[in-house]
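Chemist: got a sequence here, can you build the structure:
(2 chains)
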Amino acid sequence: MDYTPLVLSLQLAGITTLLLLLVAAPLAYILVFYPMRGITFVESLLGLPLVLPPTVFGFFLLMVMGPEGVVGRLHQSSLGSPLIFTFGSIVIAAMLHGIPYAVQPLKSIFAKLDRRLLESASVLGCSRFSAFFRVVLPNSLPGIASAAILCFAHTMGEFGVILMIGGSIPGETKVASIAVFEYVEAMRYQEAWQLSIALLLVSYLILLAVNILERKNHAA
Amino acid sequence: MLLNAIITKKLAHFDLNLTFSCPAGELLTLAGPSGSGKTTIIRILAGLDKPDSGTVVLGSKTLLDSSKNIYLEPRSRKLGYVFQEASLFPHLSVYKNVAFGCINPSLVTPLLELMEISHLSSKKPAHVSGGERQRAALAQALASEPEMLLLDEPFSALDIKTRHSLQQTILNIKKQLNIPIILVTHDVQEAAVLSDQIVAVEDGKRSEDWLQRFQAIVLPAIDRVAPRHWLESDPVEKLSSTA
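Modeler: Now for the predicted structure:
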């Protein structure tokens, strides 16, 4: 049994989660505490992956990141190689598709913070940037951990978007969900079973961790 | 350093319209019933709310001038602000809370001693009493070496003994600090004990009626209870001797 697709899925989920949190946490902070004019349009745009079929979202990405797309051409001209069908391309795709899954829970966590803490920090000389690191993040850690686990779980289950952007290149873009699909298509049910059970176990452990964290949050 | 404030703001049920001044070393109380606009005024002084129009000048520094479009962010105003319920940072110890906005770290220990909370330095705010939290909040505000101190009903949630003890601390440090202190309270007794100047506010405006009622009924009662009786030690001496 080849577990490379599972390892690839775990690598993709880990890297995507880390990058997503780096992008989504400041974004959620701005959306909650410093909403600007026209923010509703931005929020609706960020929520598109929740409603668009993954294949459609993947198609749009393919048009932008492909050899004829703006980003794809830029990548080709600067690095001399195509962007799509690489591990990097599926990280980008998973990140863009996962943004609402990270931003929404982070927004709910930040919205629960007592605003007087930020006001107090501000009066004590803290800039907005500094308050994010000195006040917001340390007081949201359990919630951020929950959001991270959810992002990880969501990326582990990515299929449509990754198939559109990365195809199925063994060791490069063939993640567990795609491998299971291919095993079933080829009627290799034993391998499909083994990989599916492994995915099931990983997913269960993730959900267990989320629930334990949430219980701890409520208790706190 | 003199504080001059002219504030106008349209609120939901009335228009806020108030002018007042407070010299350094004095405590001005904005007193009045709940919902009269007192907290809005103190928040405007802090820069946490904006008025429709007005000016706030502290010494030679203009914190706000709507006609010239000047608005200094709260972090640039050099203020100490004690909220109604202590807004200490729950993830930090009492010591780190006091040191949060501190420019001169050597001030932290004397301030903890002044507020009689040195023994709580390593504790998180959740593990100390309400009175101790307010003492820590006051120390935190003073540690930033403010040019004006704003107290928004800081003692209202405390029991009477703790309240009197904290009021005494304020009385003791008032002259030493030599900055304008603005207190918001609906407790007339507290206003009479602490203030050099009382601005009675009702529906966003000065209320002579309210002040007269206050003077006729409450002040004679206060005269019979000398506030100095609450003094148990002189914390200012402690601060001067450790500085």
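Chemist: now the strands for chain B?
Modeler: B:3-10, B:15-22, B:27-31, B:53-58, B:61-65, B:70-71, B:79-82, B:148-152, B:181-185, B:197-202, B:205-206 (DSSP state E).
Chemist: most tightly surrounded among those?
Modeler: Burial of the strands of chain B is given as mean neighbour count (mean count of other Cβ atoms under 10 Å in any protein chain shown); strand B:79-82 ranks first at a mean of 27. Using the backbone N, CA and C atoms, a C-beta is placed for each residue, glycine as well.
Chemist: pLDDT on that one, on average?
Modeler: Here strand B:79-82 scores 94 as its mean pLDDT.
Chemist: in CSV, list the strands of chain B along with distance to chain A.
Modeler: What follows is the strands of chain B, written out as CSV (distance: least, Cβ to the nearest Cβ, whole Å):
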stretch, distance to chain A
strand B:3-10, 16
strand B:15-22, 18
strand B:27-31, 18
strand B:53-58, 14
strand B:61-65, 12
strand B:70-71, 13
strand B:79-82, 4
strand B:148-152, 8
strand B:181-185, 13
strand B:197-202, 22
strand B:205-206, 26
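Chemist: and the ones you listed as CSV, adding distance to residue B:40?
Modeler: Output for the strands of chain B, formatted as CSV (distance: least, Cβ to Cβ, whole Å):
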stretch, distance to residue B:40
strand B:3-10, 7
strand B:15-22, 6
strand B:27-31, 10
strand B:53-58, 12
strand B:61-65, 14
strand B:70-71, 16
strand B:79-82, 14
strand B:148-152, 11
strand B:181-185, 10
strand B:197-202, 10
strand B:205-206, 13
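Chemist: is it true that residue B:26 touches residue B:183?
Modeler: No: using Cβ atoms under 8 Å, residue B:26 is not in contact with residue B:183, being 10.8 Å away.
Chemist: can you name the residues that contact the residue of chain A found nearest chain B?
Modeler: In chain A, no residue comes nearer to chain B than residue A:124, which is 2.9 Å away by Cβ to the nearest Cβ. Neighbouring residues of residue A:124 by Cβ atoms under 8 Å, 6 or more residues apart in numbering or on different chains: B:75, B:100-101, B:140, B:144.
Chemist: tell me which element the residue sitting nearest the centre point of chain A falls in.
Modeler: Closest residue to the average C-alpha location of chain A: residue A:98 at 3.5 Å, with Cα atoms, centre = their mean. In this structure, residue A:98 sits in helix A:87-111 according to DSSP states H and E.
Chemist: past that helix, which element shows up next along the chain?
Modeler: That would be, after helix A:87-111 and using DSSP H and E, helix A:115-123.
Chemist: buried residues in that following helix, which are they?
Modeler: A:116-123 (16 or more other Cβ atoms under 10 Å in any protein chain shown).
Chemist: and it, how far out from the chain's middle?
Modeler: Counting by Cα atoms, centre = their mean, to the nearest Å, helix A:115-123 is centred 30 Å from the centre of its parent chain.
Chemist: interface residues of chain A facing chain B?
Modeler: For chain A, the residues in contact with chain B (Cβ under 8 Å from any Cβ of the partner chain) are A:114, A:116-117, A:119-127, A:134-135, A:138-139.
Chemist: if we go to 10 Å?
Modeler: A:114-128, A:130-131, A:134-135, A:137-141, A:220 (Cβ under 10 Å from any Cβ of the partner chain).
Chemist: next, count neighbours for residue A:147.
Modeler: 28 (other Cβ atoms under 10 Å in any protein chain shown).
Chemist: how near is the residue nearest to residue B:150 when sequence neighbours are not counted to residue B:155?
Modeler: Closest residue to residue B:150 apart from its sequence neighbours, by Cβ to Cβ, 6 or more residues apart in numbering or on different chains: residue B:81 at 4.6 Å. Applying Cβ to Cβ, to the nearest Å, the value for residue B:81 to residue B:155 is 15 Å.
Chemist: ok, residue B:108 - contacts?
Modeler: Residues near residue B:108 by Cβ atoms under 10 Å, 6 or more residues apart in numbering or on different chains: B:94-100, B:102, B:121, B:139-140, B:143.
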